[in-house]
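Trainee: how would this look folded up:
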Amino acid sequence: KRAMDIVVGSIVGTVSLIFYPFICLAIKADDGGPIFVVQERVGKNGRPIKIIKFRSMTADDQGVYGTEEKTEQAITGVGRFIRMTRLDELPQLWSVMKGDQSLIGPRPELPALVAIYEKEVPYYNARHLIKPGLSGWAQIYNRAHPHHAVAISDTRDKLSYDLFYVKNRSLMLDVKIALQTLRALISRQGV
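Mentor: The predicted model follows:
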């Protein structure tokens, strides 16, 4: 699995560098804000990891939910496109190369949400037994995964997909998820 991450990650990561100047210019031209957003997420064994994404929102709320500190945010014009095409995720390929993430695995979550879900969703921590991934079984087959808010019920459903992957992970399952991810990207369903 690590060999696949390194080989595929380095090839795709190197090819993706072609898009960086265009994405950077588009983000700057759109609203003049920062190009990248760096967020802390929860990785394998609950260890904090940093992920870098192209900024697609007007502000980074750092995962502060349900408090007065919440930053007002909206998807930018360019952000809508780079999210739909998943170009905002390209910088995470370097996290794969570093070994903090894998190409395939449960998506890493914000620490503030993990703290809530660990209390409210039984066995939530089991998803941290393996490295988080850029794409996963839940991203392909669970269409109601939560975004930018606390969602206990949706997270319970998503966890069932993550636990299926944790229990059944294999090279063939990773290849299947990777091919389904490519199909979703090409058909613009998003992942």
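Trainee: so Ser153 is in which element?
Mentor: Taking DSSP states H and E as the definition, Ser153 sits inside helix 152-168.
Trainee: buried residues in that helix?
Mentor: Across helix 152-168, burial judged by 16 or more other Cβ atoms under 10 Å covers 155, 158-159, 161-163, 165-166. Bear in mind the C-beta positions are built from the backbone N, C-alpha and C, glycine included.
Trainee: can you give me the strands in this structure?
Mentor: If you assign secondary structure with DSSP state E, the strands in the chain sit at 36-42, 48-54, 102-104, 133-135.
Trainee: I'd like these as TSV, with mean neighbour count appended.
Mentor: As requested, the strands of the chain are exported to TSV (neighbours: other Cβ atoms under 10 Å):
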stretch	mean neighbour count
strand 36-42	17
strand 48-54	18
strand 102-104	26
strand 133-135	25
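Trainee: what about those, which gets the closest to Ile82?
Mentor: Each of these was scored for nearness to Ile82 using Cβ to Cβ, and the closest is strand 48-54 (5.7 Å).
Trainee: Now the terminal residues of stretch 44-57, how far apart.
Mentor: One end of stretch 44-57 sits 27 Å from the other (Cα to Cα, to the nearest Å).
Trainee: if we can go back for a sec, Ala112: which of the strands of the chain is closest?
Mentor: Nearest to Ala112 among those is strand 36-42 (9.5 Å), distances taken as Cβ to Cβ.
Trainee: tilt between that closest one and strand 48-54?
Mentor: 150 degrees (axes from the mean of the first three to the mean of the last three Cα atoms, to 10 degrees).
Trainee: outside of strand 36-42, which residues touch it?
Mentor: If you take Cβ atoms under 8 Å, 6 or more residues apart in numbering as the criterion, strand 36-42 is touched by 48-55, 57, 60, 62-63, 91, 108-111, 114, 128, 132.
Trainee: Tell me the spacing between Tyr124 and Ile177.
Mentor: According to Cβ to Cβ, to the nearest Å, Tyr124 and Ile177 sit 21 Å apart.
Trainee: try Val121
Mentor: As judged by Cβ to Cβ, Val121 and Ile177 stand 22 Å apart.
Trainee: between the two, which one's more packed in?
Mentor: Neighbours around Val121 and Ile177, counted as other Cβ atoms under 10 Å, are more numerous at Ile177. The numbers are 24 against 16.
Trainee: can I assume the more buried one is in contact with Ser135?
Mentor: Yes. Taking Cβ atoms under 8 Å as the definition, Ile177 is a contact partner of Ser135 at 6.1 Å.
Trainee: Mind listing the shared neighbours of these two?
Mentor: Counting by Cβ under 8 Å, 6+ apart, the residues touching both Ile177 and Ser135 are Ile104.
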